[in-house]
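Novice: Sequence first, then the predicted structure, then my questions.
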Amino acid sequence: MLRCVVVNLCCTIALTLLVSEADALSLTISEAEVEAYQGVDFQALRKAYSKPRTLWPKAHVDESVDFVELGLLPPIQHPAESPYSDAVYKLGYTLFNDGKLSASGQIACASCHDPDLGWGDGKRVSFGHDRQTGLRNAPTIENVGFLKAFFWDGRAASLEQQALMPIQDPVEMAFNLEDLVERLAGDASYVTLFENAYGENSLSATNIAKALASFQRTIKSRKSDFDYFLMSLSENDTAKQQRYSRKLSDDALWGLDLFRRKARCVNCHHGPRFTDDNFHNLGLTWYKREYEDLGRYNVTGDPKDVGKFKTPSLRGVMNTKPWMHNGLFSSMEGILNIYNNGGNPTQPDEDDPLSPITSSLLQKLDLSDAEINALVAFLEAITAPPARVPKPE
């Protein structure tokens, strides 16, 4: 594996690539690269972040933010009212991948949440019944079992509630629950699956929702390079500790520091899932324009919620482009430039109660191109290959 170390940044600088433990090559780097790294003490950064997380450099967060430090994902928890079993998993897996849940018999949950595409669909917006297109980008369902609100606008309060909504949406699967239950009841294999999972005469919309939710809760992201770095902080085996620590490149480590401090990302993207589970307006409402979407307001009716959307988790983020609620952004550098500008500032109209207001958490950052590249390196470091789930026997 190639590992780059920048040496003597203030003078004539050579870049040493460690090709193996025995061999090395020297290359001269450009003046632009020298300037980009000028003043970045990677050795000091690694020392600072090799300490326990409680001793990391203080994060730059506003007083209003209930900050939680970045960390490893906790174990999956299944609620008591929707308990997990192998039989429930098998039923949920089967339902998730079956087009029978749609009126046409052609659209499955997996149509918009493909494991090969980061559990999204890679489209700006998804298409559904009769090739109709929705208004919003299909979010990944990796780690969905940890969420507190569902959909971009938070209109579902539980995973069970969410599971039935796309089935009934006229643009998505365009079915109704009564006909769905009748269709599945006519399939002997489903009757058996429900009996194994929930007992006799258990085929119902409620148990369809429970089975789908139980399956989706198992979709937990794999360990990323950043996770291994975090594991190195408590690893007692010296060789393993060093190997885990090296998983985070110098650029990604710089990106981690920027993410927590200068770039202020942790004001919204914090904790093990890199989200505050809240709703914010980035200035991307497109108010009174072609792509207008009033977001959370459509759920609450509160003018303060115009243009607010749920903060997405950033785990696996580089697997899920295009990004944002409407999928209009396919360049992460472009997105970071929006944040660098302080979002898309809006001018409230006192005569219009629905005039959107950009969140005050967004501020101009004055990030250099090199710093933006370092942030991208960190986002790549918190992105593992898409989660895999076993096919039941």
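Specialist: Sure, I can see it.
Novice: Show the residue spans covered by the strands in the chain.
Specialist: Under the criterion DSSP state E, the chain contains strands at 4-7, 14-18, 24-28, 279-280, 309-310.
Novice: contacting residues around His129?
Specialist: 102-104, 107, 170-174 (C-beta atoms under 8 Å, 6 or more residues apart in numbering). (Glycine included, C-beta is placed from N, CA and C.)
Novice: Let's have those residues in a markdown table, adding neighbour count, pLDDT and distance to Gly120.
Specialist: Formatted as a markdown table, the contacts of His129 follow (neighbours: other C-beta atoms under 10 Å; pLDDT from 0 to 100; distance: C-beta to C-beta, whole Å):
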| residue | neighbour count | pLDDT | distance to Gly120 |
| --- | --- | --- | --- |
| Ser102 | 21 | 98 | 18 |
| Ala103 | 21 | 98 | 23 |
| Ser104 | 13 | 97 | 21 |
| Ile107 | 23 | 97 | 15 |
| Pro170 | 12 | 97 | 22 |
| Val171 | 15 | 97 | 17 |
| Glu172 | 23 | 97 | 15 |
| Met173 | 25 | 98 | 17 |
| Ala174 | 18 | 97 | 21 |
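Novice: which non-adjacent residue is nearest Asn176?
Specialist: Gln168 (6.2 Å; C-beta to C-beta, 6 or more residues apart in numbering).
Novice: One more: Leu230?
Specialist: In space, Leu230 is closest to Leu72, 5.5 Å off (C-beta to C-beta, 6+ apart).
Novice: any idea how far the one you found lies from Val317?
Specialist: Counting by C-beta to C-beta, to the nearest Å, the separation of Leu72 from Val317 is 17 Å.
Novice: Compare the two (neighbour count), which wins?
Specialist: Val317 (20 against 12; other C-beta atoms under 10 Å).
Novice: which ones are touching that one?
Specialist: Val317 neighbours (C-beta under 8 Å, 6+ apart): 323, 332, 379, 382-383.
Novice: repeat for Ile372
Specialist: 333, 336-337, 340.
Novice: switch to 10 Å and redo it
Specialist: Residues counted as contacts of Ile372 (C-beta atoms under 10 Å, 6 or more residues apart in numbering) are 255, 258, 263, 332-337, 339-340, 365.
Novice: With Ser355 instead?
Specialist: Going by C-beta under 10 Å, 6+ apart, the list of residues near Ser355 reads 285, 287-288, 303, 306-307, 346-349.
Novice: ok, of those, which one's closest to Asn236?
Specialist: For the contacts of Ser355, the closest approach to Asn236 (C-beta to C-beta) belongs to Gly307, at 48.9 Å.
Novice: Now do the residue lying closest to Phe42 once chain neighbours are set aside, the pLDDT please.
Specialist: Of all residues not flanking Phe42 in the chain, Asp250 sits nearest, at 4.6 Å (C-beta to C-beta, 6+ apart). pLDDT recorded at Asp250 is 97.
Novice: before we move on, what about Glu350?
Specialist: Checking the pLDDT column for Glu350, the value is 88.
Novice: Pull up the gap between the nearest residue to Pro385 once chain neighbours are set aside and Trp119, please.
Specialist: Computed as C-beta to C-beta, 6+ apart, the closest residue to Pro385 that is not its neighbour in sequence is Arg222, at 6.0 Å. Look at Arg222 and Trp119: by C-beta to C-beta, they are 12 Å apart.
Novice: If anything else comes up later, I'll come back, but that's it for now.
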